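Participant: A predicted structure for the sequence below; I have some questions about it.
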Amino acid sequence: MKKILIVSLILCSIITQAQTLKVGVRIQKTQEMYWENGISTQYSFAKFKPNQFFIGFDYVTSRLGSAFNSNAIKQDNYIFSGSWLFNKSKPYHFVTRLNMGYFYSDLESDIFKDIPNTSFLLAPELGFTYDFKKVPISLNLGTGFYIITAKEGYSPGTLQPLYFHFDIYYTLFKK
């Protein structure tokens, strides 16, 4: 309970200092592997490049995608990101993004205990965002490449480098 309270206070202090807060859903496809879905948040600060530099968090999982009601491997991605939007004054933006995070695949059986199932994630990404003027909705398309730094045979077999995603954001507030 104490941890939940501390995390809530930190989140509230970050949100109150934000210029823009966007919350949404992410649909992601790893090339020749799984569909993954999850949540995505992006926010910018009022005192540093507002509406141009965003910090974000994504939780993407195959549990809500290919692994839902199937035998597909359940895997989770926890991703922190920094994004830079170009064409700040226009409704469309080209986006560069750097993602860092953690990958976990649940192999569900002890017979697979010697197979790698976790990995550090580092991925540069390019994308395109469109912000609607009349409604607080943003659409984002992007493609990224996970840089797999582990030696051969030491990274999870279901972690493939190339991925594509589509995000739909709702802007909760914009100062």
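Facilitator: Sure thing, it's come through. Owing to the predicted nature of the structure, the values given are computational and were not obtained by experimental measurement.
Participant: do you know how far the most centrally placed residue in the chain is from residue 169?
Facilitator: Using C-alpha atoms, centre = their mean, the residue of the chain that lies closest to the mean C-alpha position is residue 58, 3.1 Å off. From residue 58 over to residue 169 the distance is 11 Å, taken as C-beta to C-beta, to the nearest Å. C-beta here means a position set from N, CA and C on the backbone, and glycine is covered the same way.
Participant: anything in contact with each of these two?
Facilitator: Shared contacts of residue 58 and residue 169 (C-beta atoms under 8 Å, 6 or more residues apart in numbering): residue 40.
Participant: which one is residue 37 nearest to, not counting chain neighbours?
Facilitator: With sequence-adjacent residues excluded and distances taken as C-beta to C-beta, 6 or more residues apart in numbering, residue 37 is closest to residue 64, at 4.1 Å.
Participant: follow-up on the earlier one: ok, the residue nearest to the centre of the chain - contacts?
Facilitator: 26, 38-41, 77-79, 81, 99, 101.
Participant: that one in helix, strand or coil?
Facilitator: The three-state label given to residue 58 by DSSP: H, G, I helix; E, B strand; the rest coil is strand.
Participant: beta-bridge partners for it, please?
Facilitator: On the basis of DSSP bridges, residue 58 is bridged to residue 40, residue 79.
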